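1. Could you work out the structure for the sequence below:
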Amino acid sequence: MKKSVQYVKPFILLLITAVMISSCKKDQAETQIQAESHPIIRVAIARQDSIQQKVEFPATIFANREANLGASLPGKIEKFYFPEGSFVQKGDLLVDLSAEAYTQALIELNAIEKDFERVSRLREKGSISEMEYDHLKAKLDASQVKTDMLRKHTQVVAPFSGVIVEYLMEEGENYFFNINLEPGYSNTSGILRLMQLNPMKAEIQVGENDLNRFYTGQNIEIFSDAVPNQIIRGQVSYIKPILSTMTHTGTVEIEFSNPNLSFKPGMYATCQVNLGNRSGVFIPIDAIIRQSGTAEDYVFCIENDTAKRTIIKRIATHGEWVMVDSLNVGAIVATKGKNNLYHGVKVEIKEN
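-> A predicted model of the protein is given here:
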């Protein structure tokens, strides 16, 4: 019996030892599994930096000045003095219309002038009163004004130097005023369309947040696919003082030289403007995740070894770095391994 007890005691000690070893191994395994459940990531630190911000805006090309020209009164078109496409100077006579009313007024004027000459001679001899003289003088002046006015109504004169881009009627047709609007241009009523093609202007629409960064005289670069390998430098000539209530954008006009007439009214173009240096918070582009099916960007910030999902907005891109909002300088963001994270998960940071 004593021998049995002697054998049992070592066996119990051996069993207890085995249980303790097994328990330790289990704890170590659980600890290892728990450690392995923490995603291993690499991180970057948000930094303060500045970039020279160049922004591109889609533009439409317009003539610097344009006008549809016609006469003040209806009439038959008698003669065009320049062919279509001609460059004309300010004050050039472009079109003559029928002048029946003018001819009648001119005949009346000539008759009154002869009467006035006779009355002037009689006045010198004292054979006519001052009242009669003054009455005929006033009649002569009124007839002269009427004749000049009718003459202007039968002619079309260039109000500025430019190119006759289009005749809207033909010689021999009867002209009369009729409003007919063409999108993007002035109304098409008239006899011809005159445009100033050098200089030209480009119009862009600028958002309300950037509009105050434009100023008159600011240098702008202009280029177009229709005029390859040519970059034109222009200046801001006008900033419209009101914004569209629909788009909340304002119109900015850029005037530029067009000596070869390479740019045409109606062309699409791109205007590039240097908005100066802009400072902000930058993070690597590979830290940003785009929410599937949306335009929403976010990053995982690491705080106390815990991932925190943070929505951000891109402001500008400079190489592999992106200026963003919603982050402070020094913020730690996940880069490699970020796609395995979710909000609140514990992480293990691997040295870069």
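2. Tell me the pLDDT of the most centrally placed residue in the chain.
-> Nearest to the geometric centre of the chain sits Ile204, at 2.2 Å (Cα atoms, centre = their mean). As predicted, Ile204 sits at a pLDDT of 96.
3. Kindly report the same for Gly217.
-> At Gly217, the pLDDT value in this model is 95.
4. Return the distance of it relative to Asn110.
-> 55 Å (Cβ to Cβ, to the nearest Å). No exception for glycine: its C-beta is placed from N, CA and C like everyone else's.
5. can you check Leu94 too?
-> Leu94 is 27 Å from Asn110, by Cβ to Cβ.
6. Assign Asp141 to helix, strand or coil.
-> helix (DSSP: H, G, I helix; E, B strand; the rest coil).
7. So that it lines up with my notes, have the first residue be 13 from now on.
-> Sounds good: first residue 13 from here, last item Asp153.
8. isn't Lys320 right up against Ser338?
-> No: with contact defined as Cβ atoms under 8 Å, Lys320 does not reach Ser338; the gap is 11.7 Å.
9. Who has more neighbours out of those two?
-> Lys320 (18 against 14; other Cβ atoms under 10 Å).
10. ok, now which ones touch that one?
-> 312-314, 355-356 (Cβ atoms under 8 Å, 6 or more residues apart in numbering).
11. go on, Asp127?
-> Asp127 sits in contact with Leu148, where contact means Cβ under 8 Å, 6+ apart.
12. What mean pLDDT does the lengthiest strand in the chain get?
-> For the chain, the strand that runs over the most residues, judged by DSSP state E, is strand 59-81. Averaging pLDDT along strand 59-81 gives 91.
13. Sheet partners, orientation included, of the helix or strand following that strand?
-> Per DSSP states H and E, the first helix or strand lying C-terminal to strand 59-81 is strand 87-92. For strand 87-92, the paired strands and their directions (DSSP bridges) are strand 105-109 (antiparallel), strand 186-187 (antiparallel).
14. so can I have a markdown table of those strands showing mean neighbour count, distance to Ser291 and mean pLDDT?
-> Shown next, in a markdown table, are the strands paired with strand 87-92 (neighbours: other Cβ atoms under 10 Å; distance: least, Cβ to Cβ, whole Å; pLDDT from 0 to 100):
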| stretch | mean neighbour count | distance to Ser291 | mean pLDDT |
| --- | --- | --- | --- |
| strand 105-109 | 19 | 56 | 89 |
| strand 186-187 | 16 | 62 | 82 |
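15. Of all the ones you listed, which one comes closest to Thr329?
-> Of all the strands paired with strand 87-92, the one in closest proximity to Thr329, counting by Cβ to Cβ, is strand 105-109 (52.9 Å).
16. Could you export the closest one as CSV, CA atoms only?
-> Output of strand 105-109 as CSV, limited to C-alpha atoms (Å, rounded to 0.1, in the frame of the first residue of the first chain):
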residue,chain,number,x,y,z
LEU,A,105,-18.3,104.3,-95.8
LEU,A,106,-19.4,100.7,-96.0
VAL,A,107,-22.9,100.7,-97.6
ASP,A,108,-25.1,103.1,-99.5
LEU,A,109,-28.9,102.7,-99.4
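17. Just list whatever residues bridge to the residue nearest to the centre of the chain.
-> As for beta bridges, Ile216 partners with Ala71, Val264 under DSSP bridges.
18. again, but for Thr282
-> When assigned by DSSP bridges, Thr282 has beta-bridge partners Pro70, Phe235.
19. right, and it touches Ala71 too?
-> Yes: using Cβ under 8 Å, Thr282 makes contact with Ala71 at a distance of 6.4 Å.
20. So which of these two has more stuff around it?
-> Between Thr282 and Ala71, counted using other Cβ under 10 Å, the more crowded position is Ala71 (24 against 15).
21. what sits against that one?
-> 214-216, 234, 266, 280-283.
22. any idea how far it lies from Val285?
-> Counting by Cβ to Cβ, the gap from Ala71 to Val285 is 11 Å.
23. ok, now Phe226?
-> For Phe226, the distance to Val285 - Cβ to Cβ - is 7 Å.
24. try Ile63
-> Applying Cβ to Cβ, the value for Ile63 to Val285 is 14 Å.
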